[in-house]
Structure formats: C-alpha cells, structure tokens
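Q: 3D model of this:
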Amino acid sequence: MADIKLGYNTGYWSAGPPSGALEAIQEAEKLGFNSIWTAEAYGSDALTPLSWWGAHTEKVQLGTGIIQMAARTPAATAMAAITIDHLSNGRFICGLGASGPQVVEGWYGQEYPRPLARTREYIEILRAIWAREAPVEYHGDFFDMPVDGGMNLGKPLKSTVHPLRNDIPIYLAAEGPKNVALSAEIADGWLPLFFSPKEDAWYREQLQAGFDAAGDATKKDRFEVSSGVMIIPGDDVQKCADMVRPFLALYAGGMGAKGANFHYEVFERMGYGDVADKVQNLYLDGKKEEAAASIPLEMVEDVALVGPADKIKGELDKWRETCITEFLLSGPAMMLPIYAELING
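A: Residues are numbered from 1 along each chain as shown. Take a look at the predicted model:
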C-alpha cells in the first residue's frame, strides 16, 4: 500500500498556547509531514497562530482546522486567506466549519438555523472574491453584498490585492450526511471528526452523492479527506484508552445540548446510542469522570488506535482501506517520529 499523507494538529488552546507547538510543527516539517493545522473555539483564533508558527516553516501546508464561519464575514475570511497564501508562498488551506448552535448563538451572537445553506453561500462568496473576475455582488438568504440598507452607499468591490492563487483550497468540516455530501460537492476536501473505518462505506455514499451533484467526473480523484486520528501507543490497552475517553466524553456528552449535538449523533450512528445517552446525562450533571469511565473500549477502538505497537500496526490496515487520504496527528514533538514509523514504517 502507498504511504498515507501525515498532518499535524496543534489542537485547541487551553488557558494559553499549547506547550511545544512550534517545536512539534518544525519536527513535522522535518519528517516530511504534508500539513499543519490550527483550531479555534471560543478562545484563541485559528489564523493568528497559523501565521506565527507558519512563518517558521518553508514547505508544509498551513491549514485552519477550522475557521468558524460565524466568526467572520465571507469577505474577512477571503482577505485573511489571500494574505496568508501570499505570505506562505501558496501553502494555505482554508478549513471551514459551521460550529454548533451553542457557540454560534452564545459566543458570536448569530442565529444558527440552516447551516448548510449558509455554508453554500459563504463558499460561493469566497470563490467569487478569489476569482477576482469582477466586483463582488451577492444577494442571498444570509449574505447581502452590498447590503440593502444603512446609508445605501455600498457598492460592489473587488479585492485590491491580486490573490497568489485564485483557487485556494477549501476543506469543509462535516459530520452529518448532508454536510459530508456538501463538502464533496462544493469544497476541495473534507475534515471528518470521529471517523470510524466501519462507517467507511456509509461515508463514501455521502461523498459520492456530493460528487454527483457537482457534475465533475474527475473531482473524486483529487478530493482530500484529512481526518484526525488519535494514536496512543503503550503496553496497557485500557490505560491507553483512558487517554482517549475524556475527549470522547467531552464531545459526545458536553458539546451541545440534548437534541442538538452533532458529535452525539455520530456515535449514535455507530451503534452507541445507549452509551452516548449515558455519557451525555452524566456529563451534563457535572459527572465528567464517570462519563468518561462509562465509555467502553470497543467505542474507543472504533475511532482511535490504542495499545501495543504491533496491535496498532495490525489495525492500521482497515484505516488504510478507507476514503481517508491524510491522517492528522497530535502530540509532542518526540511522538511524531514514533507515529510516522507506526503508520508508514
């Protein structure tokens, strides 16, 4: 089998920047990793650290994993993308996502309904700005350029800066079936979360629906699927799984409200509805440790690689057979050579 591409995820900040991020990024480039990625939730933003750390690299691609669309107008995101793409000599990947209603409505003060339709409009505007073929005029359900109102002095404008690339790649974060299909239809790549090899056929169906809607017979061959994969090597499988359980509990139980948690729905589709219910109830009651402890090993092993090196290498075959084209890894610099050896030998 051909080597799978590797990327490095710096992850979310906590009270401050992740320790050792620059060292790990430089190690990733030294090892020949394809990309590095930054994230944002409701603390640090994704673009500033990507520029800062990216300035210390030369070849690795620089991706946002992800820019929350509610955080910026399409024009602001398009401007940032043009800027970083120039400064990095054409290495920027614009990773986008809708986030969830708690963050969008609570932090950004925007309404959340119809995120797919909003995403479609957002990306159409990005493409129009980067194409720079004409002043941008767009009148949709969510975005109005120029706006109808105010002083009524707005006029269609064209970026003063010529993009280094008019086709800056867009990767869309998606979990639900319609959103996964949308990524294949209108984006250049898909950023899954909690990908499970046993769900590969189902995901391929959604992607194919998107490729069909795009009407481009060649798109499937150049479409990227860059998926985060947690790898915890160690002799004791359960102890390794314990490193993953709090992360799964946070997303399945604590991210979003009951009835509006897309991560919960991912595990429900995998057949862990009862577990997800229990985790969510415990987590929302403030019993975070109990929530994590209630996650079975099987559920961890469906979305992560844990345990002795030989076990991980044996399980990697089923991951290689999926639609994933790039593994996005996390951890300190010292772990990256170990990951690379486990995955590609």
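Q: need the helices for the stretch 1-150 of the chain, in chain order.
A: Using DSSP state H, counting those that start in this stretch, the helices of the stretch 1-150 of the chain run over 21-30, 47-54, 74-87, 101-106, 115-131.
Q: out of the ones you listed, which is closest to A291?
A: The closest of those to A291 is helix 101-106. By CB to CB, the value is 17.6 Å. For the C-beta atoms, the positions are set from N, CA and C on the backbone; glycine is no exception.
Q: pull the contacting residues for the closest residue to K155 other than its chain neighbours.
A: Excluding its sequence neighbours, the residue lying closest to K155 (CB to CB, 6 or more residues apart in numbering) is P146, at 5.8 Å. P146 makes contact with E137, G154, K155, P156, according to CB atoms under 8 Å, 6 or more residues apart in numbering.
Q: phi first, then psi, for the second one.
A: Its backbone dihedrals place G154 at phi -70, psi 150, with angles given as degrees, to the nearest 10.
Q: same check, this time on the first one
A: Its backbone dihedrals place E137 at phi -130, psi 120, with angles given as degrees, to the nearest 10.
Q: that one contacts D144, correct?
A: No - counting by CB atoms under 8 Å, E137 sits too far from D144 to count as a contact (9.7 Å).
Q: which residues sit in contact with the residue lying closest to Y108 once chain neighbours are set aside?
A: Using CB to CB, 6+ apart and skipping residues adjacent in sequence, the residue nearest Y108 is A70, 4.2 Å away. Contact analysis of A70 by CB under 8 Å, 6+ apart lists A98, S99, V103, V104, Y108, Q110.
Q: likewise for A117?
A: Applying CB under 8 Å, 6+ apart to A117 gives the contacts D141, F142.
Q: make it 7 Å
A: Taking CB atoms under 7 Å, 6 or more residues apart in numbering as the contact definition, A117 lies against D141.
Q: from F143, how far off is it?
A: Separation of A117 from F143 (CB to CB, to the nearest Å): 11 Å.
Q: how is the protein divided into domains?
A: With domains defined by automatic domain parsing, the chain comprises 5-235+307-344, 236-306.
Q: who are the packing partners of the host helix or strand of K278?
A: Following DSSP states H and E, one finds K278 within helix 273-284. If contacts are counted by 3 or more CB pairs under 7 Å, 6 or more residues apart in numbering; DSSP states H and E, helix 273-284 sits against helix 262-269, helix 288-293.
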